Structure formats: structure tokens, C-alpha cells
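**Student:** next input, structure requested:
(chains A and B)
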Amino acid sequence: MKKKFKLEDLDCANCAAKMEEAIKKIDGVNDAVVSFLAQKMTIDADDARFDDIMKEVQATIAKVEPDCKLIM
Amino acid sequence: MTQKQKKMLFRIIISFILLAALMAEEHAGILPENVWVRMALFLVPYLIIGYDIIMKAAKNIRNGQVFDENFLMMIATFGAFGAQEFSEAAAVMLFYQVGELFQSYAVGKSRQSIADMMDICPEYANIEVDGVLTKVEPDDVETGSIIVVKAGEKVPLDGIVIEGDSLLDTAALTGESVPRHVGVNDEVYSGCVNGSGTLKIRTTKEYDDSTVAKILELVENASSKKAKVENFITKFAKYYTPIVTISAVLLAIVPPLVLGGGWIGWMHRACTFLVISCPCALVISVPLGFFGGIGAASKLGVLVKGGNYLEAVSEMTTIVFDKTGTLTKGEFKVSKLIPAQGVSKEHLIETAALAEGYSNHPIAASIRAAYQKDIDMDRVEGARETAGHGVLADVDGRQIMVGNEKLMNDNNIAISCCNDTGTVCYAAEDGEYLGAILITDTIKDGVKDAISAMKKVGVKKCVMLTGDRQETAKAVADELGIDEVHAELLPSDKVSILEKLLEAQHGREKLAFAGDGINDAPVLTRADIGFAMGSMGSDAAIEAADIVLMDDDVGKIAKVVNISRKTLKIVKQNIVFALAVKAIVLVLGALGIASMWAAVFADVGVAVLAILNSMRTLRFGRK
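**Tutor:** Residues are numbered from 1 along each chain as shown, chains lettered A, B, ... in the order given. Next up is the predicted model:
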């Protein structure tokens, strides 16, 4: 399933790149794109575990850039 | 400025005043001698400006993010404190924050410009329920609903006008501000602005399938298809920070061990390194440049589906056109009927029109239009179409063939040819030649200028592919200044010719194909860059293409090349500038010549300048 989320307070471009890298590595994530300019994240992940995966994604975001919030 | 930025500005001012006062006192020699007291004094402005950095750094260490710019800034300034360069430590932190503020302001501005550019999204639709108008989300409107668009409102969904007439401003979609007149039964596209009268529209698509939603999706997704330069930067950024950080550690340890002593001086130099360790200038400005270029193109009515395509366009040397619908209007008209002896014109056109009754080929449509009477399809049986040849059908029980010379030759039917330019369609009945129908198509306005403009911007070879006869193709090519013509092609031939042309390309030269998408989706995919005609083209073509010309104007191609060149120039300027400044400051820093001040400039200063430079791409479209 492909879904788009807004990211609030994404202030650092390098963090966006790191975030993208880290999210792609999460198990069950097929692809992820974090756009610093659009402040959006597009994620393609397994349908069955989507909610669990999103929890992991949120934890990853908090790790890389504590200020940044994922709007669900 | 946002609330966050205002707060930052306030902190900067307070910290600046305190620091300036302390530095003045230091200069005048009225500060206490005691190192600890002096350090405590300088810590005040330092903490006012830098407390959030230290907090973030602490959080990041807990999360195992060592190569984080906050952490590195903290280490660098702590190092300066350790070297007893108190004023420098506080000042570096202050200027770092000033730079960050500028950067965040510039990023905010560019985000705003991008948002404005994308401001074609309709907010609501007026739906009529029992004679009462209610505003609803475009998303909630079902296909086939009747919506009302008043003057000045955006058309929220694609549909067909059922009442009223008006002038539509299509600038948001096509970049062309010439208003388009629409009346009953005309198709309207979402994203247009209704200029004058009120329109009642029956929607034909859901919001997600509407033109405006598709455009927004395309442009938003464009940033995920990265140009080579962008990929290079992403890779570079991954290695840059660790390398600089490790060099800093080495610089702090190795020379003092080898030379014996001088720990503090070397540590100071190492701290300079840490300040320059973020590749931010590049990571922000390069994608921003491409985003701006793509945005500028979309202002012109050209949708570029990714940074990689924008990059490729700048290296385009060959462009291959499909003739019909791209160079010519694709509006076929029967211009002459040449019946065989003993056959009436009426019989010829009637037979042909019936045989072509089921075909959706533009030529078939023109023949049916020329017949002018209703076509009784009950008289037709077993119609089958052979691509690139024509149609076979049984009309009133007689076997009819309508098609080109090849079809006639294959069936051993003798034809009498004519020498006029245009497409000739032959008809035969039960193996007997009935006559020829001459169909002509007109060249689009401005195509000749478009081709000479493309040559001016560096396209070396223009090629035309067509299923038409050699003579007709040649005539069109000569008129337009096309260099190479391949005529009498079957749809399947197009791919093989394109393959040959691709092989003939040298090095980085790129080949583009421009077509309206009827039969040429495979060619669009195969070419380095596929241009599709947006308004005439099929959905499949738009899907397969890399760049969509919303108003079918090939004249825009040269403009896109210009945008692409300018974008790449800016991106390359930024890369060279940022890398050069960083490299110079790193070297000078290692030698102990560049101070931490220079390092702060090499970090945030360069980032701000690069962002400002990239923002110029956003302005390309405004002309």
C-alpha cells in the first residue's frame, strides 16, 4: 500500500535524507521517499503490517530528527 | 517569519548584545583575570544562543546519531572553550544560528513559492441538489454529478458542459493565457478558471482521475526521480560528514603526537573542521534547483516527470517526431474523391464510410464525416482492422477493403494512383477497385518556428516518422526543415527505427521522441526522453511519457531545453561553489590559517547563498 504523510517541522535537509535512508531499511517497507521541500513522506509498505510499520517509522523519525512530527 | 523564527531572532539579538559588550570589555582589558570567571561570563551569551543545539545533540547521542550537525557544533564550540577561545566559541555559535535562521527563512520562502506554483488545486465544488447549491469537497463528487462553476471559480473536476457558455482561462494547465471558449457539449478540464458566465457541468471523472489531481501528483512525485547530479550529492553527503569528522579527530591527535605537544592549537584546528562537516548547502540547494526548474516548466504548461528527465533534456541532440497529431493537426479532411471508371462518388464514399464504421482511426472518422449521412451499421458485418494497412468488412454481403496501397497490393488489386500530396485511401469491392479518397491534414501553426528554435538550442537532427506515403511525408518535412524522414511505416516499425537512431547516438547525447500517443506508447518508453501531447494524447501516452506538453505545442520543447540548461547551470554553480569554499576552508583550517569564523561561513553562509541561487530557478517561468 502506498500512502502519503505530511511532516511538520522538518528543518534540516540532511536529516530528511538520513530519515529516508533509515525508513527504507525498516522491514516491510518497499520504498520510501522523504521530500524536504514538500515536507512530505511517501511510503510503500506491506498491507498486512502497515500500522505496525508506521509505528516503527515514527520511532525512526523521532530518532533522526526529534523535532519532526509525522501527521497521521 | 514563523513564531519559531521570531523567537530565534530575539535570542540572536540578546546574545549578540551580551557578546558584543563582553568582547568590548575584553578588548579594553577590564575583564577579570581569572579564567573561570571569564569563561562563566562568556557562557551566558553562549547558552542563550546555543542551548537548543546542546539539547538536540544530547538527544541525538542517546539515539546513536553521532554524525549530527548539532553534536558536531557542540563539540567544536566546546573545543574552542577548551582552547580558552571564549569569545570565539560564543561567536561561532551565534553566527551558526544566524546562518540557520537565514537558511530556514530561505527554505520557507522557497516552499511558499512552490506551494503558490501548485496553487491550481480546487478547494470545493458547487453541487446542485434539488435546485439548491451546496459546496462540497471535490473528492466527494461522484462521476456523472452536475456541478455549477460560477465566474471566477476554478473548474474542480473534468466534465462536459451541459448548460451555459463562457471563456476559460487555461493558464494553470497550459501556460497559455489565451481564453478558450466553451459551450454546451464541450469538454472542460479541472484546474481551468471560469472567466465569465456560469457553467453547468456533468462530471466525467472522479477527482483523483481529474486532470488537476494528475498534474499535482506528477509534479509532486517528480522529486523522487532524481537526476544524476542529485544522486551524486546524496552519495557524497553520506560519506562527507564521517570523513570530515574522522579527519578532525586525526588532526587533533596525530600532529601533536608526532610533533610533540601543541595539543590545544591542533584541537582548535580540528574544531574548525567539525563546523564545516555538514553538507547542507548541497543537500538543500540541488533538489531545490531541480524542483524550481520543474515548477517553472509546469508554469509553461509542460509537465516534467522527474529531475532526471529535466537533466536529460539539456543533452538532447536528436528529436524524433511522429507526424500526425504532433507536427500536423491530426484533423483529417477528405479533400478529393477519385472514383474508378463507372463508379459514382456517392457509392465510393458510402461504401468506405460503412466499412470504416467501427474504426476509431482519425482517417476513418474523416471518411465518415465526409459521407455526411447516418451510417446504418446493421449493413456491416465482420469488420476487422489491420494496423498500418486498413479495414476489411462485409457491407451488404459484399467484401469491402479500404486501406492504403500496401493493402491493395497484397490483395492484387490494381489501383490508379494520383499525385496529390496527402494520405490516399483506396477502396475495393469484391476484389474490384472502387476508387481513391484523398485525405489531407494541415500542419500545426508555429511548428516551423518550433523546429528552428530547437535547432538553435542545440538539437542537431530532427527526424519524422509517419505511416504516410513518401511523397506526402517529404513535402511536410521540406516545409518544416526536418532532416530525416521515415515514411510508410507500420506502427511496429517505429520502435525498430528508433532503436537504430538510438544506436547512432554518441556518448551522452540524448534522443527524444515526441508523439501524440496513438500507437506510440512503446516508442515513448524506449526513447531517452518521451514527449507526449497532453490534450490530444491518450492517457496511456501521458503515462508512458517523461514530459507532457499540456497544450500540444511543440514550440515549448525549445523552452524546456532552455529551462533545463539554466537549471543545470545553477545546480553546477552551487556544487562547484560549495565544494570549493569547503575545500579551501578545510585546507586553510588544517594549516591553522582559517579561523572558525571562516568555517561558519563555509557552512551556513554557503548554504544560504546556494539556496538563494537555486531560488532563481523558480523565476524562470515568469516571463
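**Student:** packing partners of the top helix by length along chain A?
**Tutor:** Secondary structure of chain A per DSSP state H: the longest helix is helix A:50-64. With contacts defined as 3 or more Cβ pairs under 8 Å, 6 or more residues apart in numbering or on different chains; DSSP states H and E, helix A:50-64 has these neighbours: helix A:13-24, strand A:29-35, strand A:40-45, strand A:69-71. All C-beta spots, glycine's among them, are computed from the backbone N, C-alpha and C.
**Student:** now those in CSV, with mean neighbour count, distance to chain B and mean pLDDT?
**Tutor:** Formatted as CSV, those follow (neighbours: other Cβ atoms under 10 Å in any protein chain shown; distance: least, Cβ to the nearest Cβ, whole Å; pLDDT from 0 to 100):
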stretch, mean neighbour count, distance to chain B, mean pLDDT
helix A:13-24, 21, 4, 85
strand A:29-35, 19, 4, 87
strand A:40-45, 20, 7, 88
strand A:69-71, 14, 13, 84
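**Student:** can you add distance to B:Met23 and give the ones you listed back as JSON lines?
**Tutor:** Formatted as JSON lines, these follow (distance: least, Cβ to Cβ, whole Å):
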{"stretch": "helix A:13-24", "distance to B:Met23": "32"}
{"stretch": "strand A:29-35", "distance to B:Met23": "41"}
{"stretch": "strand A:40-45", "distance to B:Met23": "44"}
{"stretch": "strand A:69-71", "distance to B:Met23": "39"}
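**Student:** picking that back up, now the longest helix of chain A and strand A:29-35, what's the angle there?
**Tutor:** Here helix A:50-64 points in a direction 50 degrees away from that of strand A:29-35 (axes from the mean of the first three to the mean of the last three Cα atoms, to 10 degrees).
**Student:** next, A:Phe5: phi, psi?
**Tutor:** phi -130, psi 150 (degrees, to the nearest 10).
**Student:** which positions in the stretch 151-300 of chain B make contact with chain A?
**Tutor:** Neighbours of chain A within the stretch 151-300 of chain B, by Cβ under 8 Å from any Cβ of the partner chain: B:220-221, B:223-224, B:234, B:237-238, B:241, B:278-280, B:283-284, B:287-288, B:291.
**Student:** can you do 10 Å?
**Tutor:** Taking Cβ under 10 Å from any Cβ of the partner chain as the criterion, the neighbours of chain A within the stretch 151-300 of chain B are B:217, B:219-226, B:233-234, B:237-238, B:240-241, B:278-288, B:290-292.
**Student:** show me which of the residues you listed are buried.
**Tutor:** Buried members of these, counted by 16 or more other Cβ atoms under 10 Å in any protein chain shown: B:219-226, B:233-234, B:237-238, B:240-241, B:278-288, B:290-292.
**Student:** which strand runs longest in chain B?
**Tutor:** Longest strand in chain B, counting residues (DSSP state E): strand B:432-440.
**Student:** what packs against it?
**Tutor:** Counting contacts by 3 or more Cβ pairs under 10 Å, 6 or more residues apart in numbering or on different chains; DSSP states H and E, strand B:432-440 is packed against strand B:333-339, helix B:345-355, helix B:362-371, strand B:398-403, helix B:405-410, strand B:423-429.
**Student:** if you set the cut-off to 6 Å instead, what comes out?
**Tutor:** Strand B:432-440 is packed against strand B:333-339, strand B:423-429, with contacts defined by 3 or more Cβ pairs under 6 Å, 6 or more residues apart in numbering or on different chains; DSSP states H and E.
**Student:** what's the next secondary structure element after that strand?
**Tutor:** Using DSSP states H and E, the next helix or strand after strand B:432-440 towards the C-terminus is helix B:447-456.
**Student:** helices or strands up against that next one?
**Tutor:** Judged by 3+ Cβ pairs under 6 Å, 6+ apart, helix B:447-456 is in contact with helix B:470-480, helix B:555-591.
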